[in-house]
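Student: build me a model:
(2 chains)
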Amino acid sequence: MGESWFHREFLTPRRLIFNVLFYGLQFFWFGLGWYLQETDEKLAALNALTWSVWTSRGAGLVLAFLAGLLLLPMLRNVIRVIRPKLAWLFPADENIWFHRQVAYSMAFWVMVHTTAHYVNFINVERTQVRTEYALQIHYTQAGGITGHFMVLIMVLIYTTAHRKIRNQCFEAFWYTHHLAFFFYVGLYSHADGCFVRDSTNPDYIPSFPFYSTEHCLGYESWRFTMWPAVLYFGERMYREYRARRSTKLSKVLVHPSGAMELRIVKPSFKYTAGQWLFIQVPELSRFQWHPFTITSAPEDPYVSVHIRQVGDWTHSLGERLGCGPSVVAAMTKTAMKGVEKNEDIYGTRGEFVELDSGTLSRPLPDVRIDGPYGAPAEDVFDNEVAVLVGAGIGVTPFASILKHIWYRQKKGNIGSLRRVEFFWVCRDAPSFGWFQTLLQEIEDAQFDPNFLRINIYLTQKIGEDMLWNIAVNDAGADFDPLTLLRTRTMFGRPDWKSIYRRIREAIEIGQYLPGSNAQLKTTVGTYFCGPGVMAHAIKEATLQHTSKNVIFKFAKEHF
Amino acid sequence: MGNLVWHDLSRLIAITASLYTVWSGYWGLFYRKFFWDFVGGILRNPGGLQPSPKVIGFINVIVKAPVIQILAMIVGLGLLALEWPLPLFKGTAIHRSMPLRIIILLVQASLTVLYYQGTNAALYSLIAAGAYTRAIMLNETYEEAKSNRGQTGAA
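Tutor: Numbering: from 1, shown residues only, chains lettered A, B, ... in the order given. Just a heads-up that it's a prediction; the model follows:
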């Protein structure tokens, strides 16, 4: 990151507003909690403990607020529904980021709250404002027990959620995070011990909430903070219900590059191009859900995902489906031979192989899918020109989008879209063999040679041998030697500034969009999926080249 | 289960435990209390808890002078320096030793369990020590310095 911390946090208007609101609110609640405790005549006995009790009450109120906020960004389905309306208000794709910020703040306020209570209880014991040991409050009363318990759960959750651990072993992170259920049980019963009271003894009553609010004078924050938890619980139930609706794995195709394409039929599953889903195979693991980008278009009669065998779950899925690493290796070999023998005008990468359920020893496993989540890419059709940029693995959502555009093009229903520029920037194209096959199909299907232009940039360093190969063999061939597309592969990183300059100039002289009047405004929408550094460079280029007649818009998608 | 590297997890827990130790030791300087003083102690009103004369030794090093708290802070800071790690320790044999960490964690736990603020730190230290034990049982080793490997994209 080139910019300084100060620049990022304070000089970016949106981030500044967020920081002021988020941290400002925390200090507001802290102050309010402090003030209400200090000025409460009824709690004069407790107030003899002075600053430590004020601090603990203030921090407690902040924690209640944060614990309520913590679950909001995890309401995935709610976010998916409200995001088209509220995308301008907050970045709906940064929900996990927000979840983390809340968690960091919670860790801080937990420290404040706990430290203050340690001081409170030792002073209760010393001054005997209540006749009890400090350790009785800590370990025999609801507040103390749930408090210590919640801090322990936090230690386990935070440490297993560290990026390093999460990448090593997603399950450790996933299962430990479900301790959050007990955390919330602890949170909502934290005040049940009635520590904040004006009576000598806790005033318990036989009906809910089991303590009398006349003498137990907590902030009753659970009345507000329980709703996100109720919503979240409801959402998890709904996801479970939705996942159980009839789903059938209809086909498995194995592509020579090793990617498995799962074609799933689920009539109740509605989605738009560019979204993603969670998939579960109960036979492999009853609890694990794995996210994948949808690679089929909404018009397809099935939902497909492409899965590369890289992790332990995907490996065991491959084994289960009968296309483990050995099978794939053998297939790749025959496919390569096929290329050599193939006298066809096409040099394809070999066809995919369908695993027919009849020939398999075991029937295809049950699968469940949950989703869709993420941004729909429908507004692609509102632009005259769409620039789609996928970098590395970020290219996957464009499979669905390009297919979708192709379907709509066939139906003659592409809105104001006149041209599509597709950029694919990756280190080594061959690892995305299946995507090349898909591009090939789409490229072949084009009847207007100018509608879709595919630009592939290979950023890997190429050796001298490869250089000579390309230089000599490439000349005059119909297909690019690397990707076997008509489109030539380019090497090195794309120079975004000159690319956008060329697009703008071409539009302005009326060459780019034949028949369009140069006086009219043209909108060029850029849709990007990939790493942040490149997003930054592209955004700069779009800003620099926006002119009176040509407007460049930029959207970084998390899809 | 995926490929969980136990010593990476226990490092994070150990860092948490050590931070807790240092913080609790600091507050233990001002609010001095022997955690186990209720054993045989008498609660008086007013006057608070009067510890049993049998534990006078602990009272001397925790309440009269905060020796245990200071020791715990030193051990906590030392373990932080080892775990984070301080550049001084990076790549040394000490930094790669898991048994040493378990010993330090056990020392940290037995110090923190003595005073009022430190019991959670003791608990987390024991959890971290347990996770390190698991790492040793699985024959985990620290990666050698990565300096020999080329950076991706360079050259």
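Student: now the stretch 351-500 of chain A against chain B: closest residue?
Tutor: With Cβ to the nearest Cβ as the measure, A:Lys461 is the residue of the stretch 351-500 of chain A nearest to chain B, at 7.1 Å. C-beta coordinates here come from the backbone N, C-alpha and C atoms, glycine included.
Student: tally of neighbours for the residue nearest to B:Gly40 when sequence neighbours are not counted?
Tutor: Distance criterion Cβ to Cβ, 6 or more residues apart in numbering or on different chains; nearest residue to B:Gly40, sequence neighbours excluded, is B:Ser52 at 3.2 Å. Burial of B:Ser52 is recorded as 14 neighbouring residues (other Cβ atoms under 10 Å in any protein chain shown).
Student: same thing with the one 5 residues further on?
Tutor: Residues contacting B:Gly57 under the criterion other Cβ under 10 Å number 9.
Student: how about it, secondary structure?
Tutor: The three-state assignment at B:Gly57 reads helix, by DSSP: H, G, I helix; E, B strand; the rest coil.
Student: list the contacts of it.
Tutor: With Cβ atoms under 8 Å, 6 or more residues apart in numbering or on different chains as the criterion, no residue contacts B:Gly57.
Student: flag every residue of the stretch 101-250 of chain A that's near chain B.
Tutor: Residues of the stretch 101-250 of chain A lying close to chain B (Cβ under 8 Å from any Cβ of the partner chain) are A:111, A:115, A:118-119, A:122, A:125-128, A:131-135, A:148, A:151-152, A:155, A:158-160, A:162, A:164-165, A:168-172.
Student: separation between A:Arg245 and A:Phe422?
Tutor: Applying Cβ to Cβ, to the nearest Å, the value for A:Arg245 to A:Phe422 is 35 Å.
Student: do the same with A:Ile503
Tutor: 13 Å.
Student: more neighbours, those two?
Tutor: Taking neighbours as other Cβ under 10 Å, A:Ile503 and A:Phe422 compare with A:Phe422 leading, 24 against 21.
Student: ok but the more buried one is inside a strand, no?
Tutor: Yes: read with three-state DSSP, A:Phe422 is one of the residues of a strand.
Student: correct me, but it touches A:Leu388?
Tutor: Yes: taking contacts as Cβ atoms under 8 Å, A:Phe422 lies within contact range of A:Leu388: 4.8 Å.
Student: and for those two, which residues touch both?
Tutor: Listed contacts common to A:Phe422 and A:Leu388 are A:398, A:402; contacts here mean Cβ under 8 Å, 6+ apart.
Student: and B:Ile70, how many residues sit next to it?
Tutor: 16.
Student: that one: what secondary structure?
Tutor: helix.
Student: A:Val380 against A:Ala386, yeah?
Tutor: Yes: with contact defined as Cβ under 8 Å, A:Val380 reaches A:Ala386; the gap is 4.9 Å.
Student: the more surrounded of these two?
Tutor: A:Ala386 (26 against 22).
Student: which elements pack onto whichever strand or helix holds the more buried one?
Tutor: Secondary structure assigned from DSSP states H and E places A:Ala386 in strand A:385-391. With contacts taken as 3 or more Cβ pairs under 8 Å, 6 or more residues apart in numbering or on different chains; DSSP states H and E, strand A:385-391 sits against helix A:396-411, strand A:419-426, helix A:496-508, strand A:522-529, helix A:532-545.
Student: in its sheet, what does the fourth one sit against?
Tutor: Put plainly, it is strand A:522-529. Counting by DSSP bridges, the strands paired with strand A:522-529 are strand A:385-391 (parallel), strand A:550-556 (parallel).
Student: please enumerate the strands of the stretch 1-150 of chain A.
Tutor: All residues of the stretch 1-150 of chain A lie outside strands when identified by DSSP state E, counting those that start in this stretch.
Student: please see if the helix of greatest length in chain B touches chain A.
Tutor: What stands out as the longest helix in chain B, according to DSSP state H, is helix B:6-30. Yes: interface with chain A: helix B:6-30 contributes B:8-9, B:12-13, B:16, B:23, B:27 (Cβ under 8 Å from any Cβ).
Student: starting at the chain centroid, how far to that helix?
Tutor: Helix B:6-30 sits 5 Å away from the centroid of its parent chain (Cα atoms, centre = their mean, to the nearest Å).
Student: next one: stretch A:104-116
Tutor: 28 Å.
Student: could you do stretch A:382-394 as well?
Tutor: Computed by Cα atoms, centre = their mean, the chain-centroid distance of stretch A:382-394 equals 18 Å.
Student: equivalent analysis for stretch A:407-418, please.
Tutor: For stretch A:407-418, the distance to the chain centre is 29 Å (Cα atoms, centre = their mean).
Student: where do the helices sit along chain B?
Tutor: Under DSSP H, chain B gives helices at B:6-30, B:56-59, B:67-83, B:98-112, B:119-137.
Student: lowest-confidence stretch among these?
Tutor: Note on the helices of chain B: lowest mean pLDDT is at helix B:56-59, with a mean of 92.
Student: and the gap between B:Trp84 and chain A?
Tutor: As judged by Cβ to the nearest Cβ, to the nearest Å, B:Trp84 and chain A stand 14 Å apart.
Student: my guess is that residue meets B:Ser18, correct?
Tutor: No: contact criterion Cβ under 8 Å: B:Trp84 and B:Ser18 do not qualify, at 9.2 Å.
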